[in-house]
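Asks: My questions concern the predicted model and sequence given below.
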Amino acid sequence: MLANLLMLPIAFEKVDWHVHEQLYGYLPAVIAGFMLTAVPNWTGRLPVTGMPLLSLVLVWLIGRLAMCKSAFLGVMPTAFLDVSFLLYFAFVIGREVVSGKNWKNLKVLILIGVMAAGNAIFHYEAAEFGVAANGYGVRIGLAVAITLIMVIGGRIVPSFTRNWLARRVSESQLPVPFNRFDIIAMVIGVAALIVWCFLPFHEATAYLCVVAGGVQALRLARWAGHLTLSEPLVLVLHVGYAFVPLGFVLIGLASLLPYSITPNAAVHAWTAGAVGVMTLAVMTRASLGHSGKPLTANFTTTCAYSLIVLATLLRVASGIADAPDWSIELAAAAWVMGFGLFLTNYGPLLVRSRSAQV
């Protein structure tokens, strides 16, 4: 599509479609997969299976098809079919949380609701202004994504690292447990994201984002990532989270040094890096765990991680002054190959029964 070799019947600018389908197509599917696995652990209820699960998949798929055929469907039908998934998913998760009386996790439901609102705003901006890639809808959705990574990633990264290091290092070398510093770091991060949503180019926003990036980097440094170099399955969690503070800093620098780095490149540190790497890391780990395989990354998995990290670095570099024109094309190729390896390596695991795998 970028080279005009493929044209889809879409009612959006090509960049808008690309941004939307990564942020409001791909990411909600990953969030749903994670939440549907986590909620039974939170509530003690049985997982969502059978027709309710299939209906969620179908509603998500209908939304993707609607986006691909939006020129035929029109603005309102496309928006309704697309936003329906997040609303339906919020209902399913809300029912489970309320039935299990697990009130403390209602905050996750709120974030899903905010993401649904961001998606609706995206459709409004695209219809009203003809372009939405740099609008409120994208910033709101991305802010929710980074918040979820700070909240959930801030729990699972040190937890999985501690589990892996427990028999390998002394107690003093293990990740620092969740404490008041983590809460302060998240408060500063969320505050920076909220301000960025509404005042993305203000000088105060830039400085707040740089501060938030520094605090998130300190938070990550407390999780002993340097001791996980021999196990890519654990190391990749730290690498993925590292793009959270990097994104904050680059967002700030894009405002303070506009001739050196573009806001688009800075945002890709979050989208391709934090979202792309972290979701791939969690998907591979969950696929191994739920298929009864050892929790270790094989050569193919390690190559997939490396390609996605390379794609992110190239995409960010493409927005820095004097970057070569081919950097975006090379980033795209690495991205496709990385997720292609995930598909070929883990697809067979996920379509066979657990008993057949073990």
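Replies: All right, it came through fine.

Asks: Give me the nearest residue to the residue nearest the centre of the chain, chain neighbours excluded.
Replies: Compute the mean C-alpha point of the chain, and by CA atoms, centre = their mean the closest residue is residue 275, 2.8 Å away. Sequence neighbours aside, residue 145 is the residue nearest to residue 275 in space, at 5.5 Å (criterion: CB to CB, 6 or more residues apart in numbering). For every residue, glycine as well, the C-beta is placed using N, CA and C.

Asks: How about the contacts made by the one you found?
Replies: The contact partners of residue 145, taken as CB atoms under 8 Å, 6 or more residues apart in numbering, are 23, 27, 115, 270, 274-275.

Asks: Please settle this for me: is it part of a helix?
Replies: Yes - going by DSSP: H, G, I helix; E, B strand; the rest coil, the assignment for residue 145 places it inside a helix.

Asks: returning to what we had before: save the contacts of residue 145 as a markdown table, and put in pLDDT, distance to residue 158 and secondary structure too.
Replies: Listed next are these as a markdown table, based on pLDDT from 0 to 100; distance: CB to CB, whole Å; DSSP: H, G, I helix; E, B strand; the rest coil:
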| residue | pLDDT | distance to residue 158 | secondary structure |
| --- | --- | --- | --- |
| 23 | 97 | 27 | helix |
| 27 | 96 | 23 | helix |
| 115 | 97 | 25 | helix |
| 270 | 97 | 21 | helix |
| 274 | 97 | 17 | helix |
| 275 | 97 | 20 | helix |
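
Asks: which among these gets closest to residue 324?
Replies: Proximity of the contacts of residue 145 to residue 324 (CB to CB) peaks at residue 270, which lies at 22.9 Å.

Asks: in terms of contact, does the closest one touch residue 147 like I think?
Replies: No - Residue 270 sits out of contact with residue 147 when judged by CB atoms under 8 Å, with a separation of 11.2 Å.

Asks: higher neighbour count, those two?
Replies: residue 270 (25 against 19; other CB atoms under 10 Å).

Asks: Can you give me the distance of the more buried one to residue 138?
Replies: Residue 270 sits 11 Å away from residue 138 when distances are taken as CB to CB, to the nearest Å.

Asks: Need the contacts of residue 145 in CSV (columns: distance to residue 87).
Replies: Written out in CSV, the entries for these read as follows (distance: CB to CB, whole Å):
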residue, distance to residue 87
23, 17
27, 16
115, 10
270, 25
274, 25
275, 21
